[in-house]
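Peer 1: All I have is the shape, not the residue letters:
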């Protein structure tokens, strides 16, 4: 139970960075930390006590493998999620570069004041 | 843009073959060990980014220009769709129609190997194209480089 609590602390730290910082790159880093926390949570659901990695080696029989291995399905879904996070990060960085080119600053409070 | 110093260039020249070979190994054994197409493609793209940083952008353009990165990207996606469409010869769409014999060898698990290779090519071209678009073709960076040259 403790590890889910620590994971939610990681998520809240990322959320704090996204909301309370004014610099645009720091907001992007906060969003990336939130993505890490969510991916870690999905992997933690499939954990089993004293489990082995879900790799079937040649010198293993099927019964002990099914009993002892960690659930591999959340890991597969998290792989897709990591790829989506990479594309969103590329788009965020491109938009922030374009904002810098237009407003000459990374400060979010300044950008809201300059209209057009 | 020229590259970096002599030490970086020599170290890159020694290491770049090992990095590419490791990325291809992770792709090809994706159905047996952890990894697969996406991880191998990221490693290949990072190797090419290392080559760009160490030797300058003109050298990397001769290896993979933006036109060929776009072509490779679409080729990878098209190959994935073609392998799924070839499943109609054995039943339904996206079926694993290659025989799945002798476990723990390279040519088991059917079409997963071909799909891993297609994903590796696509991810490699895409990530390198994103790197090019953000650093070399971005208007902000090119304006900064031009203003540096005027001084």
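Peer 2: Alright, I've got the coordinates. The structure displayed is predicted, hence computed values, not measured ones.

Peer 1: Can you tell me the element the most centrally placed residue in chain B falls in?
Peer 2: Nearest to the geometric centre of chain B sits residue B:124, at 2.0 Å (CA atoms, centre = their mean). Secondary structure from DSSP states H and E places residue B:124 in helix B:112-135.

Peer 1: can you check residue B:49 too?
Peer 2: Assigned by DSSP H and E, residue B:49 falls in helix B:37-55.

Peer 1: Just the angle for that helix relative to helix B:112-135, thanks.
Peer 2: Orientation of helix B:37-55 against helix B:112-135 (axes from the mean of the first three to the mean of the last three CA atoms, to 10 degrees) gives an angle of 40 degrees.

Peer 1: Can you name the element that comes right after helix B:37-55?
Peer 2: Past helix B:37-55, the next helix or strand by DSSP H and E is helix B:57-63.

Peer 1: and that next one, what other elements does it pack with?
Peer 2: With contacts defined as 3 or more CB pairs under 8 Å, 6 or more residues apart in numbering or on different chains; DSSP states H and E, helix B:57-63 has these neighbours: helix B:37-55. All C-beta atoms are positioned from the backbone trio N, CA, C, and that covers glycine.

Peer 1: Now the helix it packs on: average pLDDT?
Peer 2: For helix B:37-55, mean pLDDT is 91.

Peer 1: Would you mind listing the buried residues in it?
Peer 2: B:37-55 (16 or more other CB atoms under 10 Å in any protein chain shown).

Peer 1: can you give me how far the helix or strand hosting residue A:111 is from the chain middle?
Peer 2: Assessed by DSSP H and E, residue A:111 sits inside helix A:108-113. Its chain's C-alpha centre and that of helix A:108-113 lie 27 Å apart, by CA atoms, centre = their mean, to the nearest Å.

Peer 1: Residues contacting it, please?
Peer 2: A:22-24, A:27, A:99, A:103, A:105 (CB atoms under 8 Å, 6 or more residues apart in numbering or on different chains).

Peer 1: what's near enough to touch the closest residue to residue B:45 other than its chain neighbours?
Peer 2: Counting by CB to CB, 6 or more residues apart in numbering or on different chains, residue B:127 is the residue found nearest to residue B:45 once chain neighbours are left out, at 3.8 Å. Contact analysis of residue B:127 by CB under 8 Å, 6+ apart lists A:86, B:41-42, B:45-46.

Peer 1: Using CSV, please lay out those residues together with distance to residue B:23.
Peer 2: Converted to CSV, the contacts of residue B:127 look like this (distance: CB to CB, whole Å):
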residue, distance to residue B:23
A:86, 16
B:41, 7
B:42, 8
B:45, 9
B:46, 8
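
Peer 1: Near chain B, which residues of chain A are found?
Peer 2: A:55, A:58, A:79, A:83, A:86, A:90, A:93-94, A:97-98, A:100-101 (CB under 8 Å from any CB of the partner chain).

Peer 1: now, which of those sits nearest residue B:32?
Peer 2: Nearest to residue B:32 among the residues of chain A next to chain B is residue A:55, at 8.3 Å by CB to CB.

Peer 1: Going along the chain, name the helices of chain A.
Peer 2: A:2-20, A:24-45, A:62-68, A:73-103, A:108-113 (DSSP state H).

Peer 1: avg pLDDT for the last one?
Peer 2: Spelled out, it's helix A:108-113. Helix A:108-113 comes out at a mean pLDDT of 78.

Peer 1: Show me how far stretch A:58-74 is from its chain's centre.
Peer 2: On CA atoms, centre = their mean, the centre of stretch A:58-74 falls 27 Å from that of its chain.

Peer 1: Quick check: buried residues in that stretch?
Peer 2: So, applying 16+ other CB under 10 Å, buried residues of stretch A:58-74: A:69, A:74.

Peer 1: thinking again about what came up before, between which two of the contacts of helix A:108-113 is the distance greatest?
Peer 2: Maximum pairwise distance among the contacts of helix A:108-113 (CB to CB): 15.0 Å, between A:27 and A:103.
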